[in-house]
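Trainee: Got a sequence here, can you model it:
(one chain, ligands or ions: 1)
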Amino acid sequence: MKTSISNKEVVLGVTGSIAAYKACDLASRLVELGVNVLPVLTRAAQEFVGAVSFEAITGRRAITGMFEPLQNTDVEHIAVAQRAHLFLVAPATANIIARAAHGVADDWLSTTLLATRAPILFAPAMNTAMYTHPATQANIELLRARGCHFVGPGVGRLACRTVGPGRMSEPAEILDAALPLLSGRTDLAGKRVLITSGATHEPIDPVRFLGNRSSGKMGRALALEALGRGAHVTVVYGPSSVDYPLNAELVEVETARQMADAVVECSRNADVIIGAAAVADYRPEQASQDKRKKTGSPLTLALTENPDILATVSRERRPGQVIVGFAAETRDVMENAKSKIAAKNLDLIVANLVGGDDAGFGMDALRAAIVDKRGNSADIGHIDKDALAERIMDQVVGLLRGSL
Ligand code: CTP
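Mentor: Residues are numbered from 1 along each chain as shown. Reported below is the predicted structural model:
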């Protein structure tokens, strides 16, 4: 099992607009989220961008015409129309909007748009006069009435050297509209989710630090899951071995104190705060300005306690704010989790057993149990981090609704 968006299939229809180059960025952001992207370029789109770029980004053969060899062995447009979870037409010209509105099926994209029952999202891009023309506006209204979705266009300087509505929305904004349609879930729409992730590094001297084995995989999975449900996501992350989704607001830090400052700042307007970072409890009392030299005798480092980030934000918690922590334990998992939920005043804690060979730090899975503040616990056992992210977010949604 994966997050609610990974491995889903998006047909990315690219039509003939100068904004077609932005569709490369869009494709790469979708791929990065674990989505399968099938690029479809109309004949006009190919005047602006090449199929090769999309093939390199998506790892899929781009569809460039209806009657090309091999494209009809399995009546592909029908198979794709049935299989796809979302059709995203970006950029969408006045022409494709008009053809879709009137059921014209004269190329691969327009034919497949007619054959699919998947959600369709258009990101219009055109000259202001074309966009505001009653014909285009009527076509958009017709498509909206039939359940199609639109994102943008924005107002800005257009390729035709005029300023007005018609500029295609930025890829991040298009993704915000696309992901809930893709996951079929909008239960975090309008909510702000703040996630801490990764390790922290506490400097000993300019060369060395105290750190830990956290990879950031759990935080990344949580960010993807929340984005897929329509949330605005901020990830405050320390050193990690994963890339975080570009569609989230990303704040990079190194030390626990930097993480604490960033989290306190971002927590003010957060609806949900999830502490998935492995924060160093201690830092060297005095980081040396110069590289420490070996002396030939044993060395003792004096350590000072770091602030507890979750405990800090939960002391200033806003009404309705949901705060979730993790408890990484090597033994007495449940007892430790229950004492941490109380000590840090959390709504939920995800207890995980670390130190084994098949789960935990750096791996794709962990052994987990979820405990709530009333003491209810669900022992989940060995679970993929993506699947655990989905379970956690289900509970978070329940807490936000006040039903748990
Ligand atoms: N945490 C935090 N700030 C810290 C330490 C931990 O916000 N300075 C958060 C972690 O992100 C996690 C939870 O608190 O969500 C529990 O972290 P964990 O390391 O398991 O527990 P500690 O509170 O550090 O307690 P101990 O190390 O004694 O088990």
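
Trainee: residues near Gly230, how many?
Mentor: The tally of other residues near Gly230 (other CB atoms under 10 Å) stands at 20. For every residue, glycine as well, the C-beta is placed using N, CA and C.

Trainee: Against Gly152, how distant is it?
Mentor: 17 Å (CB to CB, to the nearest Å).

Trainee: next one: Arg220
Mentor: Summarising the geometry, the distance separating Arg220 from Gly152, computed by CB to CB, is 28 Å.

Trainee: more crowded one of the two?
Mentor: A direct count of neighbours by other CB under 10 Å for Arg220 and Gly152 places Arg220 higher, at 27 against 23.

Trainee: List the single closest residue to the more buried one in space, sequence neighbours excluded.
Mentor: By the measure of CB to CB, 6 or more residues apart in numbering, the closest residue to Arg220 outside its immediate chain neighbours is Val242, 4.7 Å from it.

Trainee: How about Arg99?
Mentor: Beyond its immediate neighbours in the sequence, the residue positioned closest to Arg99 (CB to CB, 6+ apart) is Ser110, lying 4.7 Å away.

Trainee: what's the next secondary structure element after the host helix or strand of Thr136?
Mentor: For Thr136, the enclosing helix or strand under DSSP states H and E is helix 134-145. Heading C-terminal from helix 134-145, the first helix or strand you meet, by DSSP H and E, is strand 149-150.

Trainee: Check the offset of the longest helix anywhere in the chain from the chain's centre.
Mentor: For the chain, the helix with the greatest residue count under DSSP state H is helix 385-400. Taking CA atoms, centre = their mean, to the nearest Å, the mean C-alpha location of helix 385-400 is offset from the chain mean by 14 Å.

Trainee: Check whether it comes near the ligand.
Mentor: No - contact of helix 385-400 with the ligand is not found when judged by CB under 6 Å from any ligand atom; the minimum separation is 11.7 Å.

Trainee: Show me which positions of that helix end up buried.
Mentor: 385-393, 395-397, 399-400 (16 or more other CB atoms under 10 Å).

Trainee: quick one: which of these is nearest to the ligand?
Mentor: Checking these against the ligand with CB to the nearest ligand atom, the nearest one is Ile392 at 11.7 Å.

Trainee: so the closest residue to that closest one other than its chain neighbours is in which element?
Mentor: Taking CB to CB, 6+ apart, and ignoring the residues beside it in sequence, Ile392 has Val350 as its nearest neighbour in space, at 6.2 Å. Following DSSP H and E, one finds Val350 within strand 348-353.

Trainee: Contacts for that strand next, please.
Mentor: Among residues not part of strand 348-353, those counted as contacts by CB atoms under 8 Å, 6 or more residues apart in numbering are 322-330, 333-334, 336-338, 340-341, 359-360, 366-373, 388, 392, 395-396, 399.

Trainee: Low-confidence bits of the stretch 301-404 of the chain, can you list those?
Mentor: For the stretch 301-404 of the chain, the stretches flagged by pLDDT under 70 are 355-360, 403-404.

Trainee: which bits of it sit near the ligand?
Mentor: Close to the ligand, as judged by CB under 6 Å from any ligand atom, the stretch 301-404 of the chain has residues Asn306, Asp308, Ile309, Leu310, Gly325, Phe326, Ala327, Ala328, Lys340.

Trainee: re earlier: count of neighbours near the residue nearest to Arg99?
Mentor: As a measure of burial, Ser110 has 24 neighbours, counting by other CB under 10 Å.

Trainee: Now the residue in the stretch 101-250 of the chain that the ligand sits nearest to: phi and psi?
Mentor: Residue of the stretch 101-250 of the chain nearest the ligand, by CB to the nearest ligand atom: Thr196 (5.7 Å). Main-chain dihedrals, Thr196, degrees, to the nearest 10: phi -100, psi 150.

Trainee: One more: Gly147?
Mentor: As for Gly147, its main-chain torsions (degrees, to the nearest 10) stand at phi 100, psi 0.

Trainee: check contacts around it.
Mentor: Pro119.

Trainee: again, only this time at 7 Å
Mentor: Shown in contact with Gly147 (CB atoms under 7 Å, 6 or more residues apart in numbering): no residues.

Trainee: now swap in Val333 and tell me
Mentor: Ala351, Leu353, Ala369.

Trainee: 6 Å instead?
Mentor: The contact partners of Val333, taken as CB atoms under 6 Å, 6 or more residues apart in numbering, are Ala351, Leu353.
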